[in-house]
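Asks: Provided below are the primary sequence and the corresponding predicted coordinates.
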Amino acid sequence: ITLVAFFMPTSMDKKKAREQYDQHNYEATYGLLKGHKLNDKEQLLYDRTVTLLQEERKLDSYNNYMALDMKPEALNALVQGVKKYDEVSEKAAELGVTGELNSIYSKIVAEFQSAFGLTVEKVRQWLNIEEPEEYSYIINAYANGNAVADNLDGEESDGTPNTFDVWDNSVISAEEAEIK
């Protein structure tokens with residue numbers, strides 16, 4: 001009886017995990033597999049889930065921030081979704097989940113296009129910005145409907161100096177810290 005009681009929950013969790021994965025519920029799949037000793041097939045399922053969940057969490061963050069009317073943080077979550085996509089694409093291909101990853105990524109792209117009028121190319125430019133203040137300035141400006149010119153050489157369109165350091169980027173920094 002003790003052996004059955006010990007092995008039965010593990011077996012049930014693994015079966016449920018497969019069902020949840022097939023329904024694209026990666027959070028539940030992860031929770032059901034985490035902490036169990038996995039065979040090769042189950043480990044592959046776990047690795048696929050973790051890879052997809054990393055991208056899906058960016059989309060979930062965006063939705064949560066938008067529900068709270070926190071547009072700069074929401075936009076940052078989408079931008080970080082592009083970054084995460086670039087980071088996990090190769091692994092997704094190795095694991096055979098490129099289609100699933102692309103599906104999540106296309107939702108991210110659709111959101112920043114419809115909600116903020118942005119292109120993938122523009123977002124990728126932002127990912128190359130090294131100064132946190134400059135990045136936060138741009139995110140805040142676009143999120144608040146004040147699309148700034150891409151004149152990031154230290155001067156605003158009216159001739160006044162850029163003041164990237166006056167923008168509060170504490171929440172953006174928290175989102176970035178989550179990524180690392």
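Replies: Yes, it's here.
Asks: helix, strand or coil for residue 35?
Replies: Taken by DSSP: H, G, I helix; E, B strand; the rest coil, the conformation at residue 35 corresponds to coil.
Asks: what mean pLDDT does stretch 17-24 get?
Replies: For stretch 17-24, the mean pLDDT works out to 93.
Asks: what comes up buried for that stretch?
Replies: Buried residues in stretch 17-24, counted by 16 or more other CB atoms under 10 Å: 17-18, 20-21. (Each C-beta comes from the backbone N, C-alpha and C, glycine too.)
Asks: now the strand or helix carrying residue 86, how far from the centre of its chain.
Replies: Secondary structure from DSSP states H and E places residue 86 in helix 71-95. On the basis of CA atoms, centre = their mean, to the nearest Å, helix 71-95 sits 5 Å off its chain's mean C-alpha point.
Asks: can you name every helix or strand that the helix or strand following it contacts?
Replies: Next in sequence after helix 71-95, counting helices and strands by DSSP H and E, comes helix 98-116. Under the contact criterion of 3 or more CB pairs under 8 Å, 6 or more residues apart in numbering; DSSP states H and E, helix 98-116 touches helix 40-67, helix 71-95.
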